[in-house]
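In: 3D model of this:
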Amino acid sequence: MLATSERVDPAFLHDVLSGLKQDPPAIPARWFYDHKGSALFDDITRLPEYYPSRTETAILGRVMPEIARRVGPGRSVVDYGAGSLTKTPVLLEGIDPALYVPVDISGEYLRGSAERLQERFPSLGIEPIEADFTRPFPLPHAVRRHPRLGFFPGSTVGNFVPASAVDLLRSFRETLGTGAMLLIGMDQVKDVARLVAAYDDAQGVTAAFNLNLLDRINRELGGDIPVAAFRHEARWNPMLSRIEMHLVANEDVAFTVGGESFALAAGASIHTENSHKYTSESGRLLLAAGGWTPLEEWKDEAGDFALHLAVAEADRSAP
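Out: Next comes the predicted model:
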């Protein structure tokens with residue numbers, strides 16, 4: 001039975017139904033992040049195989065004085081996809097902002113994180129926004145009183161195919177305005193075995209994170225997907241320079257979601273996430289295509305991860 005209309009998110013229902021009708025089926029990764037999914041992702045960031053979070057946090061701590069010099073104090077920080085409290089405090093302590101606006105699709109998790117952050121920074125204005133940052137949403141009027149900094153850590157931009165990533169960066173520019181800065185993380189191309197291991201850990205946390213999407217569909221959209229009939233799989237796609245996450249059917253399966261019927265043959269999969277990997281050059285090109293002028297790039301010693309700082313310059317005729 002479909003969940004009551006008060007509980008059904010129409011965007012979630014639309015994305016799942018339209019995604020399952022694609023060939024091959026695919027569901028946008030943003031729907032991973034209910035409360036359980038957000039907590040599981042926090043667990044993932046602490047796994048020994050998952051280097052991006054700890055590497056980015058280390059870079060952020062090391063170069064914070066330089067970031068602070070470039071960014072300056074008194075900015076409104078808009079944190080896209082906020083939730084984790086690992087990197088944000090490092091930034092807030094380093095740049096002394098006037099306002100912090102965390103934006104996340106998982107409202108309950110977001111509000112809890114904002115409350116804990118407020119305890120740590122009692123004099124800082126914090127205005128959380130429950131929203132899907134891939135779609136237009138209004139920022140608080142107070143943001144416009146200060147110069148602005150967008151914060152987009154974690155290589156989340158890698159979850160988007162290039163055309164969508166460019167659109168997203170252009171949307172950030174339009175929302176934040178000319179003169180704003182953007183601090184963004186990008187995972188780098190590296191040994192394939194390390195990449196796959198980061199998305200298919202030995203403890204099975206990433207598998208639980210992926211499979212939780214099916215549990216969420218069953219719970220919130222009235223689905224009857226046989227979750228036990230699926231397994232998690234991480235694949236490297238060399239042509240597109242990305243890790244792909246899939247939910248693979250172990251056997252022929254038939255199920256319903258939202259009153260509609262679907263079937264997958266054994267071995268077929270539902271594509272649930274991409275994580276594109278970049279070089280320095282491709283990262284700068286992506287920023288430029290999205291309307292951001294690269295200013296600085298910082299990497300760890302091994303070159304595993306990069307932090308980019310960019311600015312939204314005023315439009316002008318070439319050259």
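
In: and the next helix or strand past the helix or strand hosting I44?
Out: Element membership of I44, judged by DSSP states H and E, is helix 35-45. Following helix 35-45 in sequence order, the next helix or strand is helix 51-71 (DSSP H and E).

In: what average pLDDT does that next one get?
Out: In this model, helix 51-71 has a mean pLDDT of 96.

In: run the angle between that helix and helix 35-45 for me.
Out: If you take axes from the mean of the first three to the mean of the last three CA atoms, to 10 degrees, helix 51-71 sits at 90 degrees to helix 35-45.

In: give me the helices and strands touching the next helix or strand after helix 51-71, please.
Out: Next in sequence after helix 51-71, counting helices and strands by DSSP H and E, comes strand 76-80. In this structure, strand 76-80 makes packing contacts with helix 88-95, strand 99-104, strand 148-152, helix 162-176, judged by 3 or more CB pairs under 8 Å, 6 or more residues apart in numbering; DSSP states H and E. In short, each C-beta sits where N, CA and C put it, glycine included.

In: what angle sits between the helix or strand bottoming out on mean pLDDT in the chain and helix 35-45?
Out: Of all helical and strand segments in the chain, the minimum by mean pLDDT, DSSP states H and E falls on helix 107-120, at a mean of 90. Orientation of helix 107-120 against helix 35-45 (the same axes, to 10 degrees) gives an angle of 60 degrees.

In: and the next helix or strand after helix 107-120, how far out from the chain middle?
Out: Next along the chain after helix 107-120, taking DSSP H and E as the criterion, comes strand 125-126. Its chain's C-alpha centre and that of strand 125-126 lie 22 Å apart, by CA atoms, centre = their mean, to the nearest Å.

In: which other helices and strands contact strand 125-126?
Out: In this structure, strand 125-126 makes packing contacts with strand 99-104, helix 107-120, judged by 3+ CB pairs under 8 Å, 6+ apart.

In: pull the residues that contact the longest one.
Out: By CB atoms under 8 Å, 6 or more residues apart in numbering, the surrounding residues in contact with helix 107-120 are 33, 35, 38-39, 82-85, 88-89, 92, 100, 102, 104, 124, 126, 128, 130.

In: send the alpha carbons of it over as PDB?
Out: What follows is helix 107-120, C-alpha atoms only, in PDB (Å, rounded to 0.1, in the frame of the first residue of the first chain):
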ATOM      1  CA  GLY A 107      16.000  17.900   7.600                       C
ATOM      2  CA  GLU A 108      16.100  15.900  10.900                       C
ATOM      3  CA  TYR A 109      19.800  15.200  10.500                       C
ATOM      4  CA  LEU A 110      20.500  18.800   9.400                       C
ATOM      5  CA  ARG A 111      18.700  20.300  12.400                       C
ATOM      6  CA  GLY A 112      20.500  18.100  14.800                       C
ATOM      7  CA  SER A 113      23.900  19.000  13.300                       C
ATOM      8  CA  ALA A 114      23.000  22.700  13.400                       C
ATOM      9  CA  GLU A 115      22.100  22.500  17.100                       C
ATOM     10  CA  ARG A 116      25.400  20.900  18.000                       C
ATOM     11  CA  LEU A 117      27.300  23.400  15.900                       C
ATOM     12  CA  GLN A 118      25.400  26.300  17.600                       C
ATOM     13  CA  GLU A 119      26.600  24.900  21.000                       C
ATOM     14  CA  ARG A 120      30.200  25.100  19.700                       C
END
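
In: chain center to it: distance?
Out: Taking mean C-alpha positions (CA atoms, centre = their mean), helix 107-120 and its chain are 18 Å apart.

In: perfect, I'm done here.
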